[in-house]
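>>> kindly return the folded structure for what I paste below:
(2 chains)
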Amino acid sequence: NAGVTQTPKFQVLKTGQSMTLQCAQDMNHEYMSWYRQDPGMGLRLIHYSVGAGITDQGEVPNGYNVSRSTTEDFPLRLLSAAPSQTSVYFCASRSTQGAKADTQYFGPGTRLTVL
Amino acid sequence: GEDVEQSLFLSVREGDSSVINCTYTDSSSTYLYWYKQEPGAGLQLLTYIFSNMDMKQDQRLTVLLNKKDKHLSLRIADTQTGDSAIYFCAESMGGYQKVTFGTGTKLQVIP
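Residues are numbered from 1 along each chain as shown, chains lettered A, B, ... in the order given. Predicted structure coming up:
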């Protein structure tokens, strides 16, 4: 299993540009989520999905969109990038059936800089 | 809502024990986790404990849970330089409930 994969690993954008961060998992997990990590603030949940076709907002959803057309993929879209969105973004997936305490598995992260 | 708190920084000498503490507020949490994040990498699960347990030991790692005080700790015995990382505690009720993470504790191991 590849686990959770994310692309790209690094990205630099100009203010106002849009882009999509890709995330895929091959563990057949229903639950997927996107977090951003900023110094001293831990991980903050942006959006999550409990299955294909179902998404919901986390604690910091503004400026981001998601979709879940398949179990495997959960892309995060930045609609109009702003410097405040400079961060490290992590995608995660987990089972919901009690397997290994429903442990979350994380991708390697995307380091985004918005100029 | 839930909140998970950790101290931001801990410094220990190589060979000593490290104790990283965490407090949480959601008493209905079923699972409590410890994750490790090395520089430039994602989070990796170190260990987890069910809320009906008081202690779990896994080689150099000991997790203690005081459910009454909502206090979770991670003890690393014989701390090595390779243990230098950020450690996150997290809580969840499992199933379709979200996972709430602490702010992370940066562990610095001095040779």
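
>>> contacts only, for the residue nearest in space to the middle of chain A.
Nearest residue to the geometric centre of chain A (CA atoms, centre = their mean): A:Trp34, 2.7 Å. Residues near A:Trp34 by CB atoms under 8 Å, 6 or more residues apart in numbering or on different chains: A:21, A:23, A:45-48, A:58, A:64, A:66, A:74, A:76, A:89-92. From N, CA and C alone the C-beta is placed, and that goes for glycine too.

>>> can you rerun that using 7 Å?
A:46-47, A:66, A:76, A:89, A:91 (CB atoms under 7 Å, 6 or more residues apart in numbering or on different chains).

>>> and the closest residue to B:Leu64 other than its chain neighbours, how close does it get to A:Ser87?
Spatial nearest neighbour of B:Leu64, chain neighbours left out: B:Ser73 (4.8 Å); criterion: CB to CB, 6 or more residues apart in numbering or on different chains. Applying CB to CB, to the nearest Å, the value for B:Ser73 to A:Ser87 is 29 Å.

>>> between these two, which is the more surrounded one?
A:Ser87 (21 against 17; other CB atoms under 10 Å in any protein chain shown).

>>> correct me, but that one touches A:Leu112?
Yes - using CB atoms under 7 Å, A:Ser87 makes contact with A:Leu112 at a distance of 6.2 Å.

>>> three-state assignment of the nearest residue to A:Ser87 once chain neighbours are set aside?
Nearest non-adjacent residue to A:Ser87, counting by CB to CB, 6+ apart: A:Arg36, 4.3 Å away. Using DSSP: H, G, I helix; E, B strand; the rest coil, the structure places A:Arg36 in strand.

>>> tell me the contacts of A:Arg36?
Contacts for A:Arg36 (CB under 7 Å, 6+ apart) come out as A:44, A:46, A:60, A:87-89.

>>> what about the closest residue to B:Val19 other than its chain neighbours, how many residues nearby?
Spatial nearest neighbour of B:Val19, chain neighbours left out: B:Arg75 (5.0 Å); criterion: CB to CB, 6+ apart. For B:Arg75, the tally of surrounding residues (other CB under 10 Å) stands at 16.
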